[in-house]
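K.L.:
Mind looking at a prediction? Sequence and model below.
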Amino acid sequence: MWNRCRIFILMGILTAGCTGSVHQQSPTSTAPPAVKNPPNIILILADDLGIGDTGRYGSEVIRTPHIDRLANRGVLFSQAYVSHPVCSPSRAGLMTGQYQQRHGWEFNPAGRDAAQGMATDPPTLANMLQAAGYATGMVGKWHLGQQNPHHPLNRGFESFFGVLHGGALFIDPNAAGVESMGSDNLAGYARVPIYRQQRRVTEAQYLTDAFTREAVQFIQQQHARPFFLYLSHTTPHTPLQATAKYLDRYRHIEDKATRIYAAMVASLDDSVGAVVQALRDGGQLDNTLIVFSSDNGCAGYLNGACSNAPFAGFKRYHQEGGIRVPLIVSWPQALPMHRRFEAPVSLLDLWATFAAAAKSTSRTPDSVNLLPYLHQEAQQETQSSAVPHDYLYWRSGPTIAIRDARWKLIRYNRWPQELADNDSAGRLLPPEGGWPSGSPHGQLTLLYDLQQDPGETRNLANQHPAVVQRLLQRHLQWSTSLTSPLLPAIRSSRASMHGETVQLLF
Ligand code: CA
């Protein structure tokens, strides 16, 4: 598992360090400007937000003035990726700064999270920053386990307000001015508890507004130390629900799902605005590192209410629409403003980036400190070929994907024709013991030239067999450093692509 890595104790945290697993080239930048004090760090994560659904990423439907201004005050990444196209494994990678398959959280727990959770031995971002002297707080969605050992308060966070599940009801659907979709699911979402620390509470406010309220209160506390706030919104994940305050901005949209989704993104945008305003009011904006991103692409089952444009695929897919996400990093005191960063990066890189900002030497096998690259970009040393990653990797059982600067390879299992039983959400019902990792029906191999065809419309696998072999070999090499999944895969749906039908596993 740690074949090329050393495990060592650093500042009280069990940390993995590697000599050869990260294949990035070193940037030739000068050192960042000296920052006297470590910055506050705020990670704002949206849930299932499509990359095409914010203004700065090209939405012509949804207005996001606060998110856009955050991008103006920092760096916008055009090729940022999550390590999985669904919620829980993506968050496991993000929270541990390493590919989640290194510690077995390869699939969505899908109803088993009441008993199971992500492994507790890899430290979290909160563990790492707490050891570096930070006050740590979390508001919002956890989705990495519900039992005591997995609870955020036992994973490095000193305060918690939010939900342990994958989603929750936003507000009473019968409240005045509220519009909701998916009435079949609302009762289930209504049973999801909301906690303050480990005490169940009743929340009357629209949940996104409640999370914003709690985040602002956390910022306004007089912290004796720099703070780390993980603001993990459940919006715009289902259930689609919005209040009149946000719906009023989109009354002109006739389609109900599209209108509610746009209103939910408006509530997310207002949350970003409130966080920035609280920092500004407290004189902390310049020395706060704010990150805004999403845990995966928007969902195809919303039937067009959201957008991953200009990319193909959705949540659950390993096409760009499932895994390429918005990423904005703002830190006025130390980073350039009005910048775009064009090379591929991973949300796994936030670990090393936060560690460097916090003056922690903690690193993981997969995470690259992005700060030197951003300064390099600021100095327009564009003749340098240095990039954070030569390769990025994905695995979800038999589904594999890998990309380099130009090419992306994906392999899916072909659809087993005899399987036809779907659950109410359109997912395949799994066999006893979960889906096998083997491929009795063969696999579909896809090769895309992302530089010429970012929309992944042309499969070039047959024209470039040497590229296919090189990427398969590289992926196999990476896979040997991983461990077996802690849980079998039980979630699956089918998808049509290039005239064939494949099985998505997540
Ligand atoms: Ca999600």
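P.N.:
Here it is on my side, so go on.

K.L.:
Every contact and neighbour count from this point should use C-alpha atoms.
P.N.:
Noted.

K.L.:
where along this protein do the helices fall?
P.N.:
All helices of the chain, identified by DSSP state H, fall at 65-72, 87-96, 125-131, 183-190, 207-220, 244-247, 256-281, 320-323, 350-357, 371-378, 465-479.

K.L.:
hey, which of those helices is tucked in deepest?
P.N.:
Most buried of the helices of the chain, by mean neighbour count (mean count of other C-alpha atoms under 10 Å): helix 320-323, with a mean of 29.

K.L.:
Which among the helices of the chain is found nearest to Asp423?
P.N.:
helix 183-190 (13.1 Å; C-alpha to C-alpha).

K.L.:
how far does that closest one sit from the chain's center?
P.N.:
25 Å (C-alpha atoms, centre = their mean, to the nearest Å).

K.L.:
in this structure, which ranges drop under the pLDDT threshold?
P.N.:
Residues of the chain that meet the criterion pLDDT under 70 lie in 1-36, 376-385, 417-421, 424-426.

K.L.:
Go through the helices of the chain and name the closest to Pro39.
P.N.:
helix 350-357 (6.8 Å).

K.L.:
got the contact list for the residue nearest the centre of the chain?
P.N.:
For the chain, the residue sitting closest to the mean C-alpha position, by C-alpha atoms, centre = their mean, is Asp295 at 2.4 Å. When contacts are counted by C-alpha atoms under 8 Å, 6 or more residues apart in numbering, Asp295 is found next to 45-49, 82, 85-87, 90-91, 325.

K.L.:
redo that, cut-off 7 Å
P.N.:
Shown in contact with Asp295 (C-alpha atoms under 7 Å, 6 or more residues apart in numbering): 45-48, 82, 87, 90-91.

K.L.:
so how far is Ala190 from the spatially closest residue to Ser180 that is not a sequence neighbour?
P.N.:
Spatial nearest neighbour of Ser180, chain neighbours left out: Gln241 (4.3 Å); criterion: C-alpha to C-alpha, 6 or more residues apart in numbering. Distance of Gln241 to Ala190, given as C-alpha to C-alpha, to the nearest Å: 12 Å.

K.L.:
Show me the protein divided up by domain.
P.N.:
34-379, 392-505 (automatic domain parsing).

K.L.:
near the ion, which residues of the chain?
P.N.:
47-48, 87 (C-alpha under 5 Å from the ion).

K.L.:
Pick out the residue in the stretch 401-506 of the chain sitting closest to the ion.
P.N.:
Phe506 (12.0 Å; C-alpha to the ion).

K.L.:
residues near that residue, how many?
P.N.:
Phe506 is flanked by 27 other residues according to other C-alpha atoms under 10 Å.

K.L.:
wait, it sits on Pro488?
P.N.:
No - look at Phe506 against Pro488 with C-alpha atoms under 7 Å: they stay out of range, at 10.0 Å.

K.L.:
wait, doesn't Gly58 sit right on Gly52?
P.N.:
Yes - counting by C-alpha under 7 Å, Gly52 is a contact partner of Gly58 at 5.8 Å.

K.L.:
what's the residue in the stretch 51-200 of the chain that the ion sits nearest to in contact with, if anything?
P.N.:
Of all residues in the stretch 51-200 of the chain, Cys87 sits closest to the ion, at 3.8 Å by C-alpha to the ion. Taking C-alpha under 7 Å, 6+ apart, we find Cys87 in contact with 295-296.

K.L.:
The one 5 residues further on now?
P.N.:
Each residue near Ala92 by C-alpha under 7 Å, 6+ apart is listed here: 100, 105, 118, 144.

K.L.:
Contacts only, for the first one.
P.N.:
With contact taken as C-alpha under 7 Å, 6+ apart, Gln100 is in contact with 89, 92-93, 106.

K.L.:
do that again at 10 Å, thanks
P.N.:
83-84, 88-94, 106-107, 118-119, 122, 348, 394-395, 482-483, 485 (C-alpha atoms under 10 Å, 6 or more residues apart in numbering).

K.L.:
Same check on the last one?
P.N.:
Applying C-alpha under 10 Å, 6+ apart, we find Leu144 in contact with 87-89, 91-92, 95, 105, 108-109, 113-114, 116-120, 150-152, 164-166.

K.L.:
Now with 7 Å, please.
P.N.:
88, 92, 117-118, 150.

K.L.:
Quick check: the closest residue to Gly304 other than its chain neighbours vs Leu268, distance?
P.N.:
Take Gly304 and drop its neighbours on the chain: the residue closest to it by C-alpha to C-alpha, 6+ apart is Thr258, 7.5 Å away. Plainly put, Thr258 is 15 Å away from Leu268 if you go by C-alpha to C-alpha.

K.L.:
can you check Phe211 too?
P.N.:
Phe211 is 10 Å from Leu268, by C-alpha to C-alpha.

K.L.:
Check Ser90 too.
P.N.:
Taking C-alpha to C-alpha, one finds Ser90 at 20 Å from Leu268.

K.L.:
can you check Pro310 too?
P.N.:
22 Å.

K.L.:
ditto for Leu486
P.N.:
From Leu486 to Leu268 the distance is 33 Å (C-alpha to C-alpha).

K.L.:
Could you do Glu432 as well?
P.N.:
40 Å.

K.L.:
same deal with Ala312?
P.N.:
For Ala312, the distance to Leu268 - C-alpha to C-alpha - is 24 Å.

K.L.:
for Ala242, same thing?
P.N.:
Distance from Ala242 to Leu268, by C-alpha to C-alpha: 11 Å.

K.L.:
and for those two, which residues touch both?
P.N.:
With C-alpha under 7 Å, 6+ apart as the test, Ala242 and Leu268 reach no residue in common.

K.L.:
Can you get me a residue count around Leu482?
P.N.:
Neighbours around Leu482, by other C-alpha under 10 Å: 17.

K.L.:
Next, give phi and psi for it.
P.N.:
phi -100, psi 170 (degrees, to the nearest 10).
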